[in-house]
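> whatever this is, show me its structure:
(4 chains)
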2 protein chains.
Amino acid sequence: MDVENLSKDLERVSTETMADIVELRLREFFKKKSFKPGDALPKEMELVAALGVSRNVVREALSRLRMLGMIETRKKRGMILARPDVLGTFERVLDPLIIDDHILQDLFELRLALEMGLADLLFLRKTDKDIAELEKIALDEKHDGEQRFRVKSEIAFHGKLYEITGNNTLKRFQVMLMPVFGYVTTLEKDRSYRSGKVTHLDLVNILKNGTKEDFKTGMYEHLKPHFDSLPKKK
Amino acid sequence: MDVENLSKDLERVSTETMADIVELRLREFFKKKSFKPGDALPKEMELVAALGVSRNVVREALSRLRMLGMIETRKKRGMILARPDVLGTFERVLDPLIIDDHILQDLFELRLALEMGLADLLFLRKTDKDIAELEKIALDEKHDGEQRFRVKSEIAFHGKLYEITGNNTLKRFQVMLMPVFGYVTTLEKDRSYRSGKVTHLDLVNILKNGTKEDFKTGMYEHLKPHFDSLPKKK
DNA sequence: AAAATTATTATGTAGTACATAATAATTTAA
DNA sequence: TTAAATTATTATGTACTACATAATAATTTT
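Predicted coordinates:
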């Protein structure tokens, strides 16, 4: 009798701790009662009584939810359901040093895709003022400086692009992905922040006078060194 | 003397709990010692002694890090540094019901941008087999069925697209964003999962015989109802 | 009735005790 | 002399008690 057959008959022993279970119960509870942000939640001791576990366990579960920003606690006032910051939790674990290389590569591609998909939002929301500011950034760039200056202007330019979309979440997301981008590009020194034939200034001009399609082609050319470095098969 | 001037001279009283501080200290500690995934970490009691706080506090901080997947604990073996699942934490808080509407709208746009940026990865990695499978999905769709069937085929088709990119993180990200997409679209009933002039089958054919530029144009037309619904100013 | 004081309440921190599971050390048996 | 069984050790998990602290509610005083 092999393992596969065995596991049909023998139910897997749960290795979850009580805190794990309580955390899950609380999540279900909040959903079931359809609490809304700002609503007061039961007191610790009430939860202790209802769940039949020690205060320690309840507190451990609560502290996790609090860390995700799902609840906030005030002394005396008790706990309230909060609006979690979706990107905040992401941010906390996004450290290139501890993330798996495959995931980093995936995130690198994700950012490229995002960059390419930006065009439609850009052409919907761009204003003359935006373009003027972007142009200033592009003009201020030094092309003969040190690596770190080029990196800086790269960040400034693309960051501004995201800003023009008026989508703050997108912008924050891009900022978060920046270290990943930097990390992956510097892994292969020869392609670090290299630009294609289309420069930032070219992109500004397309944004000013060209069409959306022109811009997409231009952006692809600008990012071409990165696209060329992508593996065809994964 | 107004508040702004006051806060220059009076340092803000920290409202952080000891657990907050310990959490931060531990993060710094891991980084400073440049622990790698799999490395053993100090025992609870050692941390208690070093930090000069109660075991409760240390455990609370540890439980948060464990929840983020940054550490794993085994009885007796102690704790080891783990590879956090970057998307996992995201997933835990991404509930359309508790996320702010503005953020939802932002995420909706993010997904649109991603969808548009997919083309380059698709044309890099698509195979005949992929296209055949995608075609099958498109052919199986029923256009006169109930809403929920149309939603289902919508998910199947776009999900497959992400799959073809060979980027699993991207795929997972898309799956996570799905509820958001569904939520936002159904907020305005009239545009719920409506397609533009270009159908899924059209997209398949472009992927088969057309150029990358054709595909981008096609995808934009396909998503046009959504793009049209976006506010010009934010 | 307003201000000051006191009581109450709920979370935050500390500490002790024991349970449990995984490993290490030791003893026993073949 | 190994291999197996037993026992000890170790580190995390759970429970419970006690008190600190801060915010609010209730009460008293002026």
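> and the next helix or strand past the helix or strand hosting A:Gly117?
Under the criterion of DSSP states H and E, A:Gly117 resides in helix A:101-125. Counting by DSSP H and E, the next helix or strand C-terminal to helix A:101-125 is helix A:128-140.
> packing partners for that following helix?
helix A:147-164, helix A:200-209 (3 or more Cβ pairs under 8 Å, 6 or more residues apart in numbering or on different chains; DSSP states H and E). C-beta here means a position set from N, CA and C on the backbone, and glycine is covered the same way.
> could you dump those to TSV with mean pLDDT and distance to B:Val180?
Shown next, in TSV, are the helices and strands packed on helix A:128-140 (pLDDT from 0 to 100; distance: least, Cβ to Cβ, whole Å):
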stretch	mean pLDDT	distance to B:Val180
helix A:147-164	85	19
helix A:200-209	95	29
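> distance to DNA strand D and mean neighbour count for these - can I get that in a markdown table?
Converted to a markdown table, the helices and strands packed on helix A:128-140 look like this (distance: least, Cβ to the nearest atom of the strand, whole Å; neighbours: other Cβ atoms under 10 Å in any protein chain shown):
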| stretch | distance to DNA strand D | mean neighbour count |
| --- | --- | --- |
| helix A:147-164 | 37 | 17 |
| helix A:200-209 | 49 | 18 |
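> could you point out which of those helices sits nearest B:Phe90?
helix A:147-164 (18.8 Å; Cβ to Cβ).
> compute the inter-axis angle for that closest one and helix A:101-125.
Per axes from the mean of the first three to the mean of the last three Cα atoms, to 10 degrees, the angle that helix A:147-164 makes with helix A:101-125 is 50 degrees.
> phi, psi for A:Glu16 please.
Phi and psi for A:Glu16, reported as degrees, to the nearest 10, are phi -70, psi 140.
> name the element the spatially most central residue of chain A belongs to?
Centroid-nearest residue in chain A: A:Phe173, 4.4 Å away (criterion: Cα atoms, centre = their mean). Remark: A:Phe173 resides in helix A:168-187, with elements defined by DSSP H and E.
> contacting residues around that helix?
Helix A:168-187 has contacts (Cβ atoms under 8 Å, 6 or more residues apart in numbering or on different chains) with A:86-87, A:90-91, A:94-96, A:99, A:104-105, A:107-108, A:110-111, A:114, A:121, A:151, A:155, A:158-159, A:162-163, A:165, A:191-193, A:226, B:103, B:106-107, B:109-110, B:113.
> next, the buried residues of it.
Neighbour-count burial for helix A:168-187 flags A:169-174, A:176-185 (criterion: 16 or more other Cβ atoms under 10 Å in any protein chain shown).
> how far away is the closest residue to A:Lys197 other than its chain neighbours from A:Asp202?
Leaving aside its chain neighbours, A:Lys197 sits nearest to A:Glu221 (5.5 Å; criterion: Cβ to Cβ, 6 or more residues apart in numbering or on different chains). Look at A:Glu221 and A:Asp202: by Cβ to Cβ, to the nearest Å, they are 8 Å apart.
> correct me, but A:Asp130 touches A:Gly166?
No: A:Asp130 is beyond contact range of A:Gly166, at 9.3 Å (criterion: Cβ atoms under 8 Å).
> with neighbour numbers in mind, choose between those two.
A:Gly166 (22 against 18; other Cβ atoms under 10 Å in any protein chain shown).
> so that one, which of the three states?
Three-state assignment for A:Gly166 (DSSP: H, G, I helix; E, B strand; the rest coil): coil.
> who are the contact partners of A:Gly38?
A:80-82.
> and for A:Glu44?
A:55, A:58-59, A:62.
> mean confidence score for stretch A:102-112?
For stretch A:102-112, mean pLDDT is 94.
> is that stretch anywhere near chain B?
Yes: for stretch A:102-112 and chain B, the contact criterion (Cβ under 8 Å from any Cβ of the partner chain) is met by A:103, A:106-107, A:109-110, A:112.
> sorry, back to before: okay but the residue nearest to A:Lys197 is in contact with A:Ile206, surely?
No: counting by Cβ under 8 Å, A:Glu221 does not reach A:Ile206; the two are 10.4 Å apart.
> now the element after the worst-scoring helix or strand of chain A on mean pLDDT, going C-ward?
Every helix and strand of chain A was ranked by mean pLDDT, DSSP states H and E. The lowest is helix A:3-9, at a mean of 49. Downstream of helix A:3-9, the first helix or strand assigned by DSSP H and E is helix A:18-32.
> what comes up buried for the helix or strand just after that next one?
For helix A:18-32, the following helix or strand on the C-terminal side (DSSP H and E) is helix A:44-51. Using 16+ other Cβ under 10 Å as the test for burial, helix A:44-51 gives A:47-48, A:51.
> what's the distance between A:Ser34 and A:Glu46?
On the measure of Cβ to Cβ, A:Ser34 and A:Glu46 end up 19 Å apart.
> what's the answer for A:Met178, then?
44 Å.
> do the same with A:Glu133
Distance, A:Glu133 to A:Glu46, using Cβ to Cβ: 54 Å.
> same deal with A:Lys36?
A:Lys36 is 19 Å from A:Glu46, by Cβ to Cβ.
> about what we covered before: now the angle between helix A:147-164 and the helix holding A:Phe173, please.
160 degrees.
> hang on, the residue nearest to A:Lys197 in a strand?
No: using three-state DSSP, the secondary structure at A:Glu221 is helix, not a strand.
> for the closest residue to A:Lys232 other than its chain neighbours, what are its contacts?
Excluding its sequence neighbours, the residue lying closest to A:Lys232 (Cβ to Cβ, 6+ apart) is B:Leu124, at 6.2 Å. B:Leu124 makes contact with A:227, A:230, A:232 under the criterion Cβ under 8 Å, 6+ apart.
> swap in 10 Å and give it another go.
A:109, A:227-228, A:230-234, B:164-166, B:212 (Cβ atoms under 10 Å, 6 or more residues apart in numbering or on different chains).
> now, of those residues, which are buried?
Looks like the contacts of B:Leu124 have A:109, A:227, A:230, B:164-166, B:212 buried, using 16+ other Cβ under 10 Å.
> I'd say A:Ile137 and A:Gly159 touch.
Yes: with contact defined as Cβ atoms under 10 Å, A:Ile137 reaches A:Gly159; the gap is 8.9 Å.
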